[in-house]
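Undergrad: Structure for this input, please:
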Amino acid sequence: MKRGAIPSIRNSGRITALAVLILLILALVPSAQAIYGFQESDYRLQEQSNYCGIALMQTFTPEVSQDDIAAALFKSKRSLTYWGDFNYYFNRHGVKYHYTSLDDEFPAVVLLDAGTFRLTQNHFVLVLGRKNNFYTIFDPLKGIYRKPAMYLNGKKALVIE
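TA: Coordinates of the predicted model:
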């Protein structure tokens, strides 16, 4: 959406439906803490699992289980997820997307690097929107939260159409 444009009802409905789907997945998928026994502040989960990348892929193809997604990517659950994995999986399942820098197009998958949030490995999150100087972020590891825009402005983003 262009800056200053009035959001259409169709787009707001799509974002609302996406938010409901994310909440449904959060309710059905056990938390990372329950699965792995880690505390939320323990970022070692990303060193040993591609849970976040697979969970985000499942957000856009809810009919496919996380085990099936890992198998489709020819990965174990301990492998890291990369941009190429999103390309391969989304192309295979007909999810329309394009790459851009994080701006005003949402929802967008963004890779947080090690310096951004004290992470040590690949960590993908879904940016749902921006209000003022804060992005609303869905992180399968932490849930939904807000972060200042200065941390994410200009990052490479995979925007779901």
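
Undergrad: Which strands and helices lie in contact with the helix or strand containing residue 57?
TA: Using DSSP states H and E, residue 57 sits in helix 51-60. Applying 3 or more C-beta pairs under 8 Å, 6 or more residues apart in numbering; DSSP states H and E, one finds that helix 51-60 contacts helix 9-28, helix 66-72, helix 83-93, strand 123-131. Bear in mind the C-beta positions are built from the backbone N, C-alpha and C, glycine included.

Undergrad: pLDDT below threshold where in the protein?
TA: 1-15, 21, 23-51, 77-78, 113-121 (pLDDT under 70).

Undergrad: what about 50?
TA: 9, 32-49 (pLDDT under 50).

Undergrad: returning to that earlier point: TSV please, covering the helices and strands packed on helix 51-60 and showing mean neighbour count and distance to residue 156.
TA: Output for those, formatted as TSV (neighbours: other C-beta atoms under 10 Å; distance: least, C-beta to C-beta, whole Å):
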stretch	mean neighbour count	distance to residue 156
helix 9-28	12	20
helix 66-72	16	22
helix 83-93	16	8
strand 123-131	20	11
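
Undergrad: Could I get those in CSV, plus columns for distance to residue 143?
TA: Formatted as CSV, those follow (distance: least, C-beta to C-beta, whole Å):
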stretch, distance to residue 143
helix 9-28, 7
helix 66-72, 17
helix 83-93, 21
strand 123-131, 11
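
Undergrad: Just tell me which of those ends up closest to residue 60.
TA: Between residue 60 and the helices and strands packed on helix 51-60, the tightest spacing by C-beta to C-beta is seen for helix 83-93, at 7.3 Å.

Undergrad: if we look at that closest one, which residues are touching it?
TA: Helix 83-93 is contacted by residues 50, 53, 57, 60-61, 64, 69, 72-73, 75, 95-97, 109, 111, 124, 156, 158 when judged by C-beta atoms under 8 Å, 6 or more residues apart in numbering.

Undergrad: elements contacting the next helix or strand after that helix?
TA: Reading on from helix 83-93 to the C-terminus, the next helix or strand found by DSSP H and E is strand 97-101. Contact here means 3+ C-beta pairs under 8 Å, 6+ apart; on that basis strand 97-101 packs against strand 156-160.
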